[in-house]
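**Q** I'd like to go over a predicted model; first the sequence, then the structure.
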Amino acid sequence: MKLKYDANGLIPAIAQDAETGQVLMVAWMNQKALDLTRQTGQAHFWSRSRQTMWRKGETSGNVLTVREIWVDCDADTLLLQVEAAGPACHTGETSCFFRKLED
């Protein structure tokens, strides 16, 4: 399957708890991040702000162990079903999606 990366060579990757279905975070992957994720079984991403590769949990210890990787119908978004070793959000929240947008 040929993935559709954007003009910067990136594809969005959604990390979802494999047991609960809760969306934990969204990040970006390039081909190298995807390759490292598949090789190691731990989620690796590309930081657009720092312009560098990073492994989730490399400083916090809250790694995301990847069980499966799914591709959407357009092949332009990845869904990582993961086991989280602690909070996924850098704020300490379980998920990065802990705030509701109010009117």
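**A** In hand now; what should we look at?
**Q** which other residues reach stretch 47-65?
**A** 8, 10, 15, 24-25, 27-28, 30, 32-33, 36, 40-46, 80, 82-88, 90 (C-beta atoms under 8 Å, 6 or more residues apart in numbering). No exception for glycine: its C-beta is placed from N, CA and C like everyone else's.
**Q** which of those residues count as buried?
**A** The neighbour count (16 or more other C-beta atoms under 10 Å) marks 10, 15, 24-25, 27-28, 30, 33, 36, 42-46, 80, 82, 84, 87-88 as buried among the contacts of stretch 47-65.
**Q** re the thing from before, what about the contacts of stretch 47-65, which are in strands?
**A** 15, 24-25, 27-28, 44-46, 80, 82-84 (DSSP state E).
**Q** Reformat those into JSON lines and put distance to Met1 and pLDDT next to each item.
**A** Shown next, in JSON lines, are the ones in strands among the contacts of stretch 47-65 (distance: C-beta to C-beta, whole Å; pLDDT from 0 to 100):
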{"residue": "Ala15", "distance to Met1": "20", "pLDDT": "98"}
{"residue": "Leu24", "distance to Met1": "24", "pLDDT": "98"}
{"residue": "Met25", "distance to Met1": "24", "pLDDT": "97"}
{"residue": "Ala27", "distance to Met1": "21", "pLDDT": "98"}
{"residue": "Trp28", "distance to Met1": "19", "pLDDT": "98"}
{"residue": "His44", "distance to Met1": "20", "pLDDT": "98"}
{"residue": "Phe45", "distance to Met1": "20", "pLDDT": "98"}
{"residue": "Trp46", "distance to Met1": "20", "pLDDT": "98"}
{"residue": "Leu80", "distance to Met1": "16", "pLDDT": "98"}
{"residue": "Val82", "distance to Met1": "20", "pLDDT": "98"}
{"residue": "Glu83", "distance to Met1": "24", "pLDDT": "98"}
{"residue": "Ala84", "distance to Met1": "26", "pLDDT": "96"}
